[in-house]
Each structure stands twice: as C-alpha cells, then as structure tokens.
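*Asks:* Here you go, sequence then predicted model.
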Amino acid sequence: MAQCQNPLPAPNRVSWSNRGSPLSGSYRDVVVEQHQTLSRHTVYRPASFTAEKLPIVSWGNGGCGANGLSSAEFLAEIASHGYLVIANGAPNGGGNDPDNGSTHIAAIDWATEQNDNPCSSLYNRINEEKVAVMGYSCGGLMALNAAGDARLSTVVAMNSGLLNPSQNVYARMHTPVAYFNGGPSDIAYSNGQRDYQSINHVPVYHANLPVGHGGTYDQDNGGEFARVGVAWLNWHLKDNQGANGRGMFLGNSCGICNSNWTIEHKNF
C-alpha cells in the first residue's frame, strides 16, 4: 500500500444537524466538511466508511449561489445513502459561481485526486467510475453545461432547463439525463420541456411534481425531490434495479407512476 509522504491538513468539520426525522439512508450519521484543498466547496459524506466505495455526486446550488449549506437537508439525505456529495460554495459562503460547469469539473477533479492520494482521509474510499452532476435551478444549468465530461455516469437538472436551446450542449450529452421540475407554475417548466423534446440521442427522463420552482429541498430530509433523486442515483451509480432504483421510474408499477408526478421518458 502506498505511504503518505506529505500529510494534508485535516478538514474543518462544519456544525450541522437535520431539522426533522433521522436521515433515511443506511449511513444515518453524515458529516459536513470543508477541505483546504477545495475551499470553495462543501463536502457531505457518511461519518464512517465501509467496504463500499462512495460514488461522486457534484451539486450546484440554486442561483449558482456559493453557499454550500443552502440545500443541506437535501444533500445530507443523499449522502446518507452512501454518496460523496460535493456542493459548490464554502459553508455559509457568499456570491455566485459561474453556470458554465467549471465548479462541477473542479469538484470531480478534486475527488479523484483525493481517492488516489494516500495522505487523504478519502484515500481509496471513492468510486471514480460512478459520477453524477446535479443541480437546482441555476445549479441545474451548471450540471447541463458540464454534461460533456467523459467521467460522468448521469446528469440531473432539478427545477431547471437551458435558458436558450443549445445544440452544442445537447450534442455533448453522453449519459442518461433526468429533469425533475415543479410543474406548470415552475419558471423552468417550459425550459425543461424544450430540452426534453430536443434531446434524442441519449436516454432522457422528464418528471414534474406540481410544487413550483422551490421544489422540496427545505423539507424534512429533502422531501419528495430527495426521494426520487436518491433513487435515480441508486439506479445509475449503484445499478439498483429495485424499487429504490430503476423501479422508481420504469415499469407498470414504478414508484412515481401512481402519484402526483407527471412523467415522460424516451430511449430507455
């Protein structure tokens, strides 16, 4: 086993606790950290490691805001299911990041470097082969604009869609893509519809829950958007074919088929 030659500074543990019921994943204890080597991001991960390596989930905040705690309830819920979640923005940070996808790329670069670095607390703990980019609203634009990265396994845009159609962005997509939006009252609704209709060369899923643009990110454990978001990640990053993975989305008895969600999909 490789030996550490230059120890890294210990990450700063961020004080955080979920407001309602315990997180629902098998990793109930989630820690939130800021690493000096990725100071403009916030990391959510299980407090303890098992033999399971953690897939990478890079998250973009609403408004492209640079506060990595702005969707803490939602992101901790995802991490509790065995994911390394990296949000743009320092904890309680300010300002905005660009929507060009660069912050997602920086997060993925960092995670792979940590996995390969024997001096990192994340050494050999990460599944570099399973990577998702996700985001809310402007953060969804971040994800869509990063969709061409060859390392990705899936792209998820939530309450989002390109402001203007871009054949360049569509053409770079090479993974399954999901849009989870808030129904006709969501300001991103028509954008998501247009994107769905324009993407024809990869599997694409388009689902709407009539909650408006705000989604459910601030609800207990991230609400319904976290439930379906986790299932999508389980399917595409962990090959879960059951009710908490693929079965949530496809099949006659799919988990969101007989609910308030309206769905359409193609190329699956």
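*Replies:* Arrived safely.
*Asks:* Give the pairing partners of the longest strand anywhere in the chain; include direction for each.
*Replies:* Using DSSP state E, we find that the single longest strand of the chain is strand 126-136. Applying DSSP bridges, strand 126-136 is found paired with strand 54-60 (parallel), strand 154-158 (parallel).
*Asks:* Next SSE downstream of the last one?
*Replies:* Next in sequence after strand 154-158, counting helices and strands by DSSP states H and E, comes helix 167-172.
*Asks:* Now the residue nearest the centre of the chain: closest residue in space, sequence neighbours ignored.
*Replies:* Nearest to the geometric centre of the chain sits residue 134, at 3.6 Å (CA atoms, centre = their mean). Excluding the flanking residues, the one nearest residue 134 by CB to CB, 6 or more residues apart in numbering is residue 156, at 4.1 Å. The C-beta positions use only the backbone N, C-alpha and C, and glycine is treated the same way.
*Asks:* Tell me how many other residues crowd the one you found.
*Replies:* The local packing of residue 156 (other CB atoms under 10 Å) involves 26 other residues.
*Asks:* tell me the contacts of it?
*Replies:* Residues in contact with residue 156 (CB atoms under 8 Å, 6 or more residues apart in numbering) are 132-135, 140, 143, 177-178, 180, 229, 232-233.
*Asks:* buried set for stretch 87-104?
*Replies:* For stretch 87-104, burial by neighbour count (16 or more other CB atoms under 10 Å) applies to 87-91, 93, 97, 99, 101, 103-104.
*Asks:* And that stretch, end to end?
*Replies:* Stretch 87-104 has an end-to-end distance of 9 Å (CA to CA, to the nearest Å).
*Asks:* Which residues outside it are in contact with it?
*Replies:* Contact partners of stretch 87-104, identified using CB under 8 Å, 6+ apart, comprise 14, 32, 34, 39-44, 58-61, 63-71, 75, 107, 133, 135, 138-139, 141-147, 149.
*Asks:* Buried ones from those residues, can you make that a ChimeraX selection?
*Replies:* Applying 16+ other CB under 10 Å to the contacts of stretch 87-104, the buried members can be selected in ChimeraX as follows:
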select :14,32,34,40,41,42,43,44,58,59,60,61,64,65,66,67,68,69,70,71,75,107,133,135,138,139,141,142,143,144,145,146,147,149
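*Asks:* Which ones among the contacts of stretch 87-104 map onto strands?
*Replies:* 14, 32, 34, 41-44, 58-60, 133, 135.
*Asks:* Looking at the residues you listed, which two lie furthest apart in space?
*Replies:* With CB to CB as the measure, no two of those lie farther apart than 14 and 133, at 22.3 Å.
*Asks:* Flag every buried residue along stretch 23-33.
*Replies:* Those would be 23, 25, 27, 30-33, for stretch 23-33 by 16+ other CB under 10 Å.
*Asks:* Now render those residues as CSV, adding pLDDT and distance to residue 217.
*Replies:* Shown next, in CSV, are the buried residues of stretch 23-33 (pLDDT from 0 to 100; distance: CB to CB, whole Å):
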residue, pLDDT, distance to residue 217
23, 96, 14
25, 96, 17
27, 95, 20
30, 96, 16
31, 96, 20
32, 97, 16
33, 97, 20
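*Asks:* right, and out of the residues you listed, which lies closest to residue 223?
*Replies:* residue 23 (13.0 Å).
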